[in-house]
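Q: quick one, structure for this:
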Amino acid sequence: MVWDRQTKMEYEWKPDEQGLQQILQLLKESQSPDTTIQRTVQQKLEQLNQYPDFNNYLIFVLTKLKSEDEPTRSLSGLILKNNVKAHFQNFPNGVTDFIKSECLNNIGDASPLIRATVGILITTIASKGELQNWPDLLPKLCSLLDSEDYNTCEGAFGALQKICEDSAEILDSDVLDRPLNIMIPKFLQFFKHSSPKIRSHAVACVNQFIISRTQALMLHIDSFIENLFALAGDEEPEVRKNVCRALVMLLEVRMDRLLPHMHNIVEYMLQRTQDNDENVALEACEFWLTLADQPICKDVLIRHLPKLIPVLVNGMKYSDIDIILLKGDVEEDETIPDSEQDIRPRFHRSRTVAQQHDEDGIEEEDDDDDEMDDDDTISDWNLRKCSAAALDVLANVYRDELLPHILPLLKELLFHREWVVKESGILVLGAIAEGCMQGMIPYLPELIPHLIQCLSDKKALVRSITCWTLSRYAHWVVSQPPDTYLKPLMTELLKRILDSNKRVQEAACSAFATLEEEACTELVPYLAYILDTLVFAFSKYQHKNLLILYDAIGTLADSVGHHLNKPEYIQMLMPPLIQKWNMLKDEDKDLFPLLECLSSVATALQSGFLPYCEPVYQRCVNLVQKTLAQAMLNNAQPDQYEAPDKDFMIVALDLLSGLAEGLGGNIEQLVARSNILTLMYQCMQDKMPEVRQSSFALLGDLTKACFQHVKPCIADFMPILGTNLNPEFISVCNNATWAIGEISIQMGIEMQPYIPMVLHQLVEIINRPNTPKTLLENTAITIGRLGYVCPQEVAPMLQQFIRPWCTSLRNIRDNEEKDSAFRGICTMISVNPSGVIQDFIFFCDAVASWISPKDDLRDMFCKILHGFKNQVGDENWRRFSDQFPLPLKERLAAFYGV
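A: Numbers count the residues shown, from 1 in each chain. Here you go, the predicted structure:
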């Protein structure tokens, strides 16, 4: 229906009685628990969307049909909200105007549920770009704040709060003529309103604009802070929570304004962290986490530590309600199947190729395995976790200075008779492990055996937290003679992997994976015993913990490597893995952790994996093929075909990489009999960076394993590799760079035509500031390798990369890649000696980083060093070598006689 302008204003829409009954019937049915009924309702609603005035009926039920019950009216509004989200641009003008005016006229409905629903509807319309097309919305809502009627004021504020949350950016832009200049001072006036709900809305509205440092707020920052302080003791928890939240955000953006009041703020936050309302306490506890990231933390908090530490430690106890939710009194639950919502989505981390370093293992470690113990069934973030995280961060700020405040408390907690108290002490001990490790060492010979004893405590929650805390000290355990702590710890942890409580199984498996990473080959003597346990767990575990078990097995393979390749170990490990592999369907997401696990196992077993490789290889190729086919259908007809989950393809590519790496040349026949190179050509051009990342890793591994099959495709692959040398996508760029280096070694002089496609990008990357270490190292190796096979093409640019090249390779271990890269640099120096003159000291330093170069490489170094020395003459050489640090000078003299 379309109306002309004149009649539109007088137009008063009236529902057709029969239509109204039909819609009410639908609304009633949709509240039914029966899913079949719900599905029919969904279909009918879709059909009704064909009628232009269907949405008029929905708003009519929400705002005018007061005889109906509230849930039905609210539901009508929520269906309308979904329609606005999906089809707003197709609403006829008259309908849009009717909805907007009804919303504004009913924002003060007597029912809180209806007010909230109208508010949601308003913000949804506003966020559909309608703030511009609804110019009277904000002024109208702001004027309704002054209404004498509480419901109207509260409803308008509720709607404004939602708009501030959803449309903060546009509110602060010129598009709307900066309404915040009026709105923020207006909100501040309501901080002193008599109604707690209104005060809470007011603070929440202003809070939306702190992090973005909105100018309208910055102008009134002092009055804002003053008003916050005035609300500090508010009797309404929701207001206190919003005050705490504001102060936490102000720490990040306006520390300058808080500093003068810091002493009082800290005192206030100490009180609030002990608030009776846990939501307030949690918001306040965030303050310590945020403050710990600020440079001034150390000075500001030092005198408050005697009060703060006991408060945080106290917050780390399970509350009574936690224990009920965690079924803390249920000790044995291993036979109860997991409910599907217990199982969190897992994300596969794609393969990244990295170098080995001298200071083995201290490389930037991923901290993501170290999360605070996992109380799944409680909302993910709670006071206990926040307190523990805050203590962890403060331990990293104060290091051992924290111990005088902690140790007296720990003594009391760790040996306490009540399990809840003892449990919190074990959590404290784990939380400070990273920051206070040095100062804790003298106490560990006594504490570690105590903790190993706690692993057999009768309370499951004590056993599980003990697993986590022990894993935080694994590094120290491994540094001691194995019989002292490693053996007893491993024995007990393996028992806990077979615990009768699922939470303990999970904690023990995760802790064991950490121990494996730290102990590496120290575990080899116990392999039979370890495999025995892990394989037995296969038959025992429910769904969720199986996924963690795969991880423990994969980590074991990564840690002991080829030591796993013994017939008796393979016989134990492979049958249960292959049995799971055969049970899982191609669509099952449990394939992800299993494929990751098999990838580690294949790499470790090498030729030992041969009997299993064919079906595994075939299935991976199929998974890639299926996913690509589904993606093509989805691109062509998105309404007909849904997009595939590309993780299947990524994990499959990574397992193929593991096979190529483990089997080497043995993979040749499998590659010959499949279309993997065609599939890789598509994967290398996928929109999703993780797919490209994994396909370049596979390309490098296949280049090493069976280049004869890769070579015919090089002309197609090289331009793609060149366009992916874009450091915006660090891991994609890294793997593409590595693959180019591997290809050049195989191609030799035939690499010539491809050098212009890649060299300029590589030189640019190696000179970029703030480039991650792994990418710099791989870039340097690839430049060196290109120079090794095509010195005439690369050497002219020597001066542009020699310095960063030398500094990025001095820290990596002697290995094949480093060897070929240094041969390349020596060859280039002989072609273009003047390119290295200015940075010769860096070259000397890089040469000295070799522990034992092969003889012919050492001769190349000698020739260059002596050539340089002879050219400049003894006197100049002496002056030059006097700039060397002493160790470098001694090393060059001893190894190369210069």
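
Q: mind listing what His193 touches?
A: Counting by Cβ atoms under 8 Å, 6 or more residues apart in numbering, His193 makes contact with 199, 202. C-beta coordinates here come from the backbone N, C-alpha and C atoms, glycine included.

Q: and it, how close does it get to Pro185?
A: 15 Å (Cβ to Cβ, to the nearest Å).

Q: cool, and Leu591?
A: 58 Å.

Q: who has more neighbours, these two?
A: More crowded of Leu591 and Pro185, by other Cβ atoms under 10 Å: Leu591, with 22 against 15.

Q: was I right to think the more buried one contacts Leu584?
A: Yes: counting by Cβ atoms under 8 Å, Leu584 is a contact partner of Leu591 at 5.4 Å.

Q: tell me the SS of Ile441?
A: helix (DSSP: H, G, I helix; E, B strand; the rest coil).

Q: against Asp400, how distant is it?
A: Ile441 is 10 Å from Asp400, by Cβ to Cβ.

Q: do Glu165 as well
A: Taken as Cβ to Cβ, the span from Glu165 to Asp400 is 43 Å.

Q: ok, now Cys509?
A: 32 Å.

Q: tally of neighbours for Ile553?
A: 28.

Q: let me fix that, I meant to ask about Ile23.
A: 21.

Q: just for this protein, where's the confidence low?
A: Along the chain, the model assigns pLDDT under 70 to residues 1-13, 129-131, 328-329, 340-349, 356-379.

Q: list the contacts of Cys111.
A: You called it Cys, but residue 111 is Ser. Taking Cβ under 8 Å, 6+ apart, one finds Glu70 in contact with Ser111.

Q: oh sorry, the question was meant for Ile448
A: 470, 473, 476-477, 485, 489 are the contacts of Ile448 under Cβ under 8 Å, 6+ apart.

Q: of those residues, keep whichever come out buried.
A: 470, 473, 476-477, 485, 489 (16 or more other Cβ atoms under 10 Å).

Q: dump those residues into TSV; add distance to Arg496 and secondary structure as well.
A: Listed next are these as TSV, based on distance: Cβ to Cβ, whole Å; DSSP: H, G, I helix; E, B strand; the rest coil:
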residue	distance to Arg496	secondary structure
Leu470	10	helix
Tyr473	16	coil
Trp476	20	helix
Val477	15	helix
Tyr485	16	coil
Leu489	10	helix
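
Q: neighbours of Arg768, how many?
A: Count around Arg768 with other Cβ under 10 Å applied: 12.

Q: surely it is within a strand?
A: No: applying three-state DSSP, one finds Arg768 to be coil, outside a strand.

Q: what about the helices in the stretch 551-700 of the chain?
A: 567-583, 591-605, 610-636, 647-663, 668-672, 676-683, 689-705 (DSSP state H, counting those that start in this stretch).

Q: so for His87, which of these sits nearest?
A: With Cβ to Cβ, the closest approach to His87 among the helices of the stretch 551-700 of the chain belongs to helix 610-636: 22.6 Å.

Q: and Ala795, backbone torsions?
A: phi -60, psi -40 (degrees, to the nearest 10).

Q: what's the neighbour count on it?
A: When neighbours are counted by other Cβ under 10 Å, Ala795 comes out with 21.

Q: dump the residue contacts of it.
A: 787, 827-829, 831-832, 835.

Q: mind checking which of the residues you listed are buried?
A: 787, 827-829, 832, 835.

Q: helices - which of those residues land there?
A: Cross-referencing these against helices under DSSP state H gives 787, 827-829.
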